[in-house]
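In: generate coordinates for the sequence data below:
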Amino acid sequence: MQELIQFMQTTGFLNVELGNIIMMAAGILFVYLGISKEFEPLLLVPIGFGMIVGNIPGVSAQGMGVENEGSVLSYLYFGVGKGIYPSLIFLGVGALTDFSALIANPRLILLGAAAQFGIFATFMGSILLGFNIMEAASIGIIGGADGPTSIFLASKLAPHLLGSIALAAYSYMALVPVIQPPIMRLLTTKKERVIRMKSLRVVSKKEKIFFPIVAFIITSLIAPGSVVLLAMLFLGNLLKESGVTDRLANSAKTVLIDVVTVLIGITVGAKTTADVFLTPATIKIFILGAASFCVATATGVLFAKIMNLVSKNKINPLVGAAGVSAVPAAARVVQVVGQQYDKSNFLVMHAMAPNVAGVVGSAVAAGVLLGILGS
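Out: Coordinates of the predicted model:
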């Protein structure tokens, strides 16, 4: 009888609290959105399941949680806390990325730069809401819609907020098809939405090979703090474009990125326990994240309209919305919205230019903030 009583005391049924139920319900919602609505399922399904794992009552008491030193989850989370997983994801992203559109039309990099205004607007907003400067910098990166970079910077400057920041960043990345279209329509006219851009020139193989090398040197000199992310991104691209390392490129963009995505998803999800996540600070982070994403989208669109005032070669302002780092989701949204007004207008390749520029831009912004605050 004594053993039976001890067993009952260790079960989650007797230790469950309202916070556990709320967080497990949130995890189930994430899984539902990933499977049923197909909102970035590769991200939301492992994160949602991780939220369920991390909020099972009694896990921490038995030394099995993320915060328990020596547990399996704590070892898996090591790659998040030390910025290892984000770096490996950037390697895979680089191997998946085609910079041809950016090389062919380099002025579109300005749209990627303009969208980074969301980062610094969120940084200022976070300070106004009472966060310290380290926390504000980490929260600000959500405005770039770049999950790995958000995790990387938060792990360096505000590790206690890492779970909330990562969850907000990935949530808004998944909601790109929901958040961006209304803003794009609000800020453009029907005439602007049907602008046809000139076909991109053919980019030579030599240009594709030299680009990641030159781009890495320039961007890392600007922001040495982001050298690891930038090195992995451009190395992955060089492996892809060189033509002699196909095995490495294929591994980076398939097996490696898939494994790391699972690990980062389940461990970040498991980190969002009720006692850490259900706080006023987390609510503020999600509000700031939503606002920053809207600002980033709007500034990209508006800057494209400004460029059209001084340029003969008109840019479809919808393309500016792709300046956020959600690759290739934002570029696909531009294509979908554009074809709602002209089915024969193909904007996706043009949109990929600011989209990949946004990836580089958010990494550079993180490096600048890390260089100023982390030293």
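In: give me the most central residue, the chain.
Out: Asp146 (2.2 Å; CA atoms, centre = their mean).
In: by contact count, what packs against the longest helix anywhere in the chain?
Out: In the chain, taking DSSP state H as the definition, the longest helix is helix 280-309. Packed against helix 280-309 by the contact rule (3 or more CB pairs under 8 Å, 6 or more residues apart in numbering; DSSP states H and E) you find helix 109-115, helix 117-128, helix 133-140, helix 162-174, helix 176-186. To be clear about C-beta, it is placed using only N, CA and C from the backbone, and glycine gets the same treatment.
In: swap the cut-off to 7 Å and go again
Out: helix 109-115, helix 117-128, helix 162-174, helix 176-186 (3 or more CB pairs under 7 Å, 6 or more residues apart in numbering; DSSP states H and E).
In: list phi and psi for the residue nearest to the centre of the chain.
Out: Asp146 adopts backbone torsions of phi -130, psi 100, taken as degrees, to the nearest 10.
In: which SS state does the closest residue to it other than its chain neighbours fall under?
Out: Sequence neighbours aside, Ser325 is the residue nearest to Asp146 in space, at 3.7 Å (criterion: CB to CB, 6 or more residues apart in numbering). Classification of Ser325 by DSSP: H, G, I helix; E, B strand; the rest coil places it in coil.
In: wait, Ser325 touches Ser362, no?
Out: Yes - between Ser325 and Ser362 a contact is recorded at 4.6 Å, counting by CB atoms under 7 Å.
In: give me the common contacts of these two.
Out: Gly144, Asp146 (CB atoms under 7 Å, 6 or more residues apart in numbering).
In: which of those two has more neighbours?
Out: Ser325 (34 against 31; other CB atoms under 10 Å).
In: list the buried ones in the longest helix of the chain?
Out: 281-282, 284-286, 288-304, 307-308 (16 or more other CB atoms under 10 Å).
In: that one to helix 133-140, inter-axis angle?
Out: With axes from the mean of the first three to the mean of the last three CA atoms, to 10 degrees defining the directions, helix 280-309 sits at 60 degrees from helix 133-140.
In: what angle sits between helix 280-309 and helix 162-174?
Out: 40 degrees.
In: could I get the pLDDT score of the residue nearest to Asp146?
Out: On the pLDDT scale, Ser325 is placed at 84.
In: Gln6 now?
Out: Predicted confidence (pLDDT) for Gln6: 69.
In: low pLDDT regions in the stretch 201-350 of the chain?
Out: Counting by pLDDT under 70, the stretch 201-350 of the chain contains no low-confidence segment.
In: helices of that one, start to end?
Out: For the stretch 201-350 of the chain, the helices defined by DSSP state H, counting those that start in this stretch occupy 205-222, 227-242, 246-251, 257-271, 274-277, 280-309, 329-339, 348-373.
In: need the winner for burial among the ones you listed.
Out: Burial of the helices of the stretch 201-350 of the chain is given as mean neighbour count (mean count of other CB atoms under 10 Å); helix 348-373 ranks first at a mean of 25.
In: centre of the chain to it, how far?
Out: Averaging C-alpha positions (CA atoms, centre = their mean, to the nearest Å) puts helix 348-373 11 Å from its chain's average.
In: OK, contacts around the residue nearest to Asp146?
Out: Gly144, Ala145, Asp146, Gly358, Val359, Ser362.
In: quick check: the third one touching Ser362?
Out: Okay, so that is Asp146. Yes - between Asp146 and Ser362 a contact is recorded at 4.2 Å, counting by CB under 7 Å.
In: quick one on the thing from earlier: tell me the angle of the longest helix of the chain relative to helix 329-339?
Out: 50 degrees.
In: quick one, helix 280-309 and helix 176-186 angle?
Out: Interaxial angle, helix 280-309 versus helix 176-186 (the same axes, to 10 degrees): 50 degrees.
In: now helix 280-309 against helix 117-128, angle please.
Out: 140 degrees.
In: I'd like the distance from helix 280-309 to the chain centre, please.
Out: That offset, for helix 280-309, works out to 14 Å (CA atoms, centre = their mean).
In: now it and helix 348-373, what's the angle there?
Out: Using the same axes, to 10 degrees: helix 280-309 against helix 348-373 is 130 degrees.
In: quick revisit: make a markdown table from the helices of the stretch 201-350 of the chain and add distance to Gly118 to it.
Out: Output for the helices of the stretch 201-350 of the chain, formatted as a markdown table (distance: least, CB to CB, whole Å):
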| stretch | distance to Gly118 |
| --- | --- |
| helix 205-222 | 19 |
| helix 227-242 | 18 |
| helix 246-251 | 31 |
| helix 257-271 | 22 |
| helix 274-277 | 23 |
| helix 280-309 | 3 |
| helix 329-339 | 12 |
| helix 348-373 | 10 |
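In: and of these, who's closest to Pro106?
Out: Counting by CB to CB, Pro106 lies closest to helix 348-373 out of those; the figure is 8.1 Å.
In: helices or strands next to that closest one in the packing?
Out: With 3+ CB pairs under 7 Å, 6+ apart as the test, helix 348-373 has helix 100-104, helix 109-115, helix 133-140, helix 147-157, helix 205-222, helix 227-242, helix 329-339 packed against it.
In: now tabulate the ones you listed in TSV and tack on distance to Ala249.
Out: Putting the helices and strands packed on helix 348-373 into TSV (distance: least, CB to CB, whole Å) gives the following:
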stretch	distance to Ala249
helix 100-104	16
helix 109-115	23
helix 133-140	31
helix 147-157	19
helix 205-222	12
helix 227-242	4
helix 329-339	21
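In: between these, which one is closest to Gly27.
Out: helix 147-157 (17.1 Å).
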